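Student: Attaching a predicted model along with its sequence, questions to come.
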Amino acid sequence: MKKIILLLLFATLGWQQAGAQSFVFDGLVYNVTSPSTVEVGFQNYSITGEVIIPEEVTDNGAVYSVTSIGVEAFYSCTGMTSISIPNSVTNLGDLSFGSCLGLTTVTIPNSVTGMGINTFFNCTGLTSVTISNSVTVIGSYAFNGCTGLTSITIPSSVSVIGYGAFASCSGLTSVICNATTPINIDYTVFFEVNQSACSLTVPAESVLLYQETIYWQFFNPIVAACSTVNTTTISACGSYTWSNNDQTYTTSGIYTGTTTDCVTEKLDLTISNPTSFSSGGVNYVVISPNTVAVGDNAGAVGAIDIPEYVTTDCGTYSVIGINDFAFAYCSELTSVTIPNSVTSIGNYTFYDCRSLASVNIPDSVTIIGESTFSYCISLTAVIIPNSIASIGNGAFRQCSSLTSITIPSSVTSIGSYAFHACSGLTSVVIPNSITVINYGTFYACSGLTSVIIPNSVTSIGGISFGGCRRLTSVTCNVTTPLSIPADAFVRVNQGACSLTVPAGRVAAYQAAAVWQNFAPIMCANQVTNTFAQVAPICIGASLAALPTTSNEGIAGTWSPALNNQATTIYTFTANAGVCATTATMAITVNNTPALASQSYFVGRGIQLSSVPGYGTSYKVFDTANAANIIPASTVLTNGTYYASQTQNGCESTRSMLTVIVYSLTSVYSPACGSRLNTLATAISATAVPTATNYLFEVTGNGSTRTYYSPTNSFNFTQLQGTTAYDTSYSIRVAAGFNGQYGDFGSACSITTPAVAITTQITSSMCGTTLATMTTTLYCSQITGAETYRFEFTRGGASRTLESASNSVQINNISGGAAYNTTYSVRVAIKIEGIWQAYGTACTIMTPVASTQIRTNQCSTTLANKWAILYCSEITGATAYRFEWSNGGSTLVYTSSASRMQLGNYTGWALNTTYSVRVAVQDGGTWQSYGSACNVKTPASMARGISEDETALTIKAVPNPFETEYVLMAQGGNETPVQVSVYDMLGKQVEQFSVEANELENRSLGTNYTSGIYNVMISQGDDQQVVRIVKK
């Protein structure tokens, strides 16, 4: 017996060791719970997608039955979307599916009897759960936080529902509990579920029990579940209603068929006529058994064609109206066709249909309702038929694209703001059927330019035409001015808007308030007055009175009074009460010209007939009182004449003219037919006595040019434009007398030089590099050249250098020349004071900037560290670079001057021979090093006699001084000098630092008071004190 017990114990221990095992099968972790069973183990949050759990799994040849879902098996597997649980599973462990946010549906099989705590906790995506009739316990918080659940069915097998099982299932709207006796629950089970909006379906015999049981009684409604199902066939046209279990169901439309419903008590069917329906994409409302109106069509788009009749299975209807707001806010509706059967269009029917561009209103319509087309901003034109009697308030308000509107005589009423802000309207004719223009009817029609108000109108409301700021013409056919509000035409520039009124009523409107502000106010069909134009007169001439009756027989008066001294515009005004326009006439008064007494210079043999305008504009007489003019054939001679001038029919008084006869001039030098040596050669004409200037006319090479000369000569270079070489020019000359020029003399032909005189740089120098900056540049020498101008061009900028000889040096150009640079060089010459054209360009290269240690310092030993080492100075160099090399190391020292002192630098060795080269910086670029030279450094740092000779010595000049002094330095080195000045009390009055070579350029002492001062100067290790006196 003990042996059997031990065997059983060993077997049990062996199984327990096996139970501690886990394995993976088909991607899922399983824990062994017995030799033949396993549970689904912890999946480490990694499972996604659809999961199918098999009834059996294998591991190492062993077959296991899956009997449970372990604790937290699928916890937080947020990517898992569905789970298939096999019929072998009997238990769902705690938190087995907790926080599986992606899980949407779960079916719990019939094998499961219990669910643990928090089984489906926080499965927010879960919308559907099927709990089998085998489950007896729903664990605490099993579905807590499943906010996506809308319905849940609790089977009759359940006897225990744990705490908070359905807490926070805020989406629940339906609960079915099949338990006959209400299960005992506490308030946490449905905590945070809106039970008052969630139905509870229970067995029919248990409704009252649930209504009386705490925590169940809060559901609304609590209804009975079906006990039997009957099938009823329904056939109806229109709206049919049936009742089941005290609940009423209604369906609209046409239905023929079989309906299945849960029927426990009764089925009542009531059939009524339809109240609305749709046909052809348009919604209709039934008005009577035979008529309909267009109903609400919110969202209608495109083109709508409304038929006269619509037919349904219930019959045919005539479309007789369009209801209020039928198409309101249909922003994509573009056009509507309305049939002749429609008699009324309701209020706001097409309100804010912003894309509606066209609509036809048939003759059958009698009323356009309030705001029918308001804010139809795309509507451009509307034809209102003769059947319309009334246009409602705001009917076309804000139809800003509406450019034309025809209001028929059938319309007797137009509402307030009917056409408010129709800014595209330019003119409106109001028919004689209208008696009242209501408040704001045409307010803010900013494009309206003209309005006609019929004589039928008896009242005009406030701001009816306000804001019509482009209104320029108003016609009012009302005989007696109406009393209208002050703001009827507010924001209309009445002073620039004409008002036309019935004949004989101008004065009445001019006296009427508001109307009187129009200008002008004129009568209808007025006569336009005309008069014969009065001819111009000369100033001071008599002027006959103007006629007081127009050509049309209208009597009136002229203003202002006649004026024979100046051109005046006169206005004719018809007598009072006459409907006629004013007329204006300008009478021109011409001034008498003034001909000054003066001298005239004319060529010999000139006849009066050659004077332009003689006999018409000008007349010449022998004497001041002669009756007849001198014949046109008369040849003018030296002497005195009398002349008058006529302009615009007004003749001046006679003035005395002195005629001076002279001979015409022409070119005499050089001889006609000759060739010029240069373009600057003077060309002279025969001098004319008393002439003050001359006009030279030069014709040739396709053009004629002139030159006004103060002397009797000129040259070709003084002419504007280009003169061709080797070309013949014809030259004429006219003498001038204080600005009055006579006739040209005979022409003279002169030929220009054969070629231009030019020179250029000697060809052997072109394309070469200059040896030095002082290398002389030569050009070909030209006989007769007075000056040579050399032009140097680099980078688009040119500079010139002039020389009396045919040579220059490039270093002499302004600003100096750049080293290692290519220049383009041209040369021009000046002959007889005239610069000739530049010759051919030539390129030359400047040398590379190079320097070296002065030869007298090569192979020497520096006396001390302050001994100055010099190199050759390069013009234009901005810095010098000294390179010291002893074969083992290379030192580089930079100086702003062409010298250096070792005492200013470090790194060099005593008593050592260095190879020294120097490079210069030119134009910001370092040039190549020059030739090397050996220099030996001093043997020690000790001061010697030679070093003392270089010690700093300072003098103050002048001393004593009256206004200022300077400090003169001798010896020393190139390091900066520190200067401090103290008065005799030890107070510092000045302190500064300056470069050694700039010290003597600085003036001091201007701000000192009279007295004695100590000046302390230091440079490196050297110090000196100078005492100065200011007088």
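Tutor: Looks like it came in fine. All figures in this text were calculated on a predicted structure; none of them were measured in a lab.

Student: Show me the strands in the stretch 1-150 of the chain, by range?
Tutor: For the stretch 1-150 of the chain, the strands defined by DSSP state E, counting those that start in this stretch cover 22-25, 28-34, 37-40, 48-52, 56-59, 62-69, 79-84, 91-92, 105-108, 114-115, 128-131, 137-138.

Student: what's the closest of the ones you listed to Asn525?
Tutor: Asn525 lies closest to strand 128-131 among those, at 88.9 Å (C-beta to C-beta). Where you see a C-beta, it was placed from the backbone N, CA and C, and this is true even at glycine.

Student: CA atoms only: put that closest one into PDB for me.
Tutor: Only the C-alpha atoms of strand 128-131 are listed here, as PDB (Å, rounded to 0.1, in the frame of the first residue of the first chain):
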ATOM      1  CA  SER A 128     -20.400  42.800 -30.400                       C
ATOM      2  CA  VAL A 129     -20.200  40.000 -27.900                       C
ATOM      3  CA  THR A 130     -22.100  36.700 -27.900                       C
ATOM      4  CA  ILE A 131     -22.300  35.000 -24.500                       C
END
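
Student: ok, residues contacting that strand?
Tutor: By C-beta atoms under 8 Å, 6 or more residues apart in numbering, the residues outside strand 128-131 that reach it are 104-108, 120, 138, 143, 149, 151-155, 158.

Student: Report the contact partners of Gly171.
Tutor: By C-beta under 8 Å, 6+ apart, the neighbours of Gly171 are 147-150.

Student: By neighbour count, which of these wins?
Tutor: Leu149 (25 neighbours; other C-beta atoms under 10 Å).

Student: Any idea how many residues pack against the nearest residue to it once chain neighbours are set aside?
Tutor: Distances taken as C-beta to C-beta, 6 or more residues apart in numbering place Cys169 nearest to Leu149, at 5.0 Å, with adjacent residues excluded. Around Cys169 sit 23 other residues, with neighbours defined as other C-beta under 10 Å.

Student: Do I have it right that Cys169 meets Ser151?
Tutor: No. At 10.1 Å, Cys169 and Ser151 do not qualify as touching, with contact defined as C-beta atoms under 8 Å.

Student: where does Val310 land on pLDDT?
Tutor: At Val310, the predicted lDDT confidence score is 94.

Student: any idea which element it lies in?
Tutor: strand 309-312 (DSSP states H and E).

Student: Which residues does that strand contact?
Tutor: In this structure, residues lying in contact with strand 309-312 by C-beta under 8 Å, 6+ apart are 254, 274, 277, 279-280, 282, 284, 292, 316-319, 341.

Student: so which of those comes closest to Tyr351?
Tutor: Comparing every one of the contacts of strand 309-312 with Tyr351 (C-beta to C-beta), the shortest separation belongs to Val282, at 17.7 Å.

Student: quick one, helices of the stretch 801-950 of the chain?
Tutor: Remark: helices of the stretch 801-950 of the chain, listed N- to C-terminal, are 945-949; assignment by DSSP state H, counting those that start in this stretch.

Student: pLDDT below threshold where in it?
Tutor: 942-950 (pLDDT under 70).

Student: Give the full set of residues in contact with Val193.
Tutor: The contact partners of Val193, taken as C-beta under 8 Å, 6+ apart, are 166-170, 172.

Student: what's the answer for Thr213, then?
Tutor: Applying C-beta under 8 Å, 6+ apart to Thr213 gives the contacts Pro182.

Student: go again using 10 Å as the cut-off
Tutor: Contacts for Thr213 were tallied using C-beta atoms under 10 Å, 6 or more residues apart in numbering; they are 181-185, 206, 222.

Student: Least confident of these?
Tutor: Taking the contacts of Thr213 together, the minimum pLDDT is found at Ser206 (88).

Student: Which residue comes closest to that one once chain neighbours are left out?
Tutor: Ranked by C-beta to C-beta, 6+ apart and with sequence neighbours excluded, the top spatial neighbour of Ser206 is Thr180, at 5.4 Å.

Student: Secondary structure element holding that neighbour?
Tutor: With the criterion set as DSSP H and E, no secondary-structure element contains Thr180; it sits in neither a helix nor a strand.

Student: Quick one: the strands in the stretch 301-450 of the chain, in order.
Tutor: Along the stretch 301-450 of the chain, counting by DSSP E, counting those that start in this stretch, strands occupy 302-305, 309-312, 315-322, 333-337, 344-345, 358-360, 367-368, 381-383, 390-391, 404-406, 413-414, 427-429, 436-437, 450-453.

Student: Spatially nearest residue to Tyr64 (excluding sequence neighbours)?
Tutor: Looking at Tyr64 with C-beta to C-beta, 6+ apart, the closest residue is Val38, at 4.3 Å.

Student: still on that earlier bit, secondary structure class of the residue nearest to Leu149, three-state.
Tutor: With DSSP: H, G, I helix; E, B strand; the rest coil as the basis, the three-state label of Cys169 is coil.

Student: show me what contacts it?
Tutor: 126, 143-150, 152, 175, 190-193, 198.

Student: Now do the phi/psi pair for it.
Tutor: Main-chain torsions, Cys169, degrees, to the nearest 10: phi -80, psi 70.
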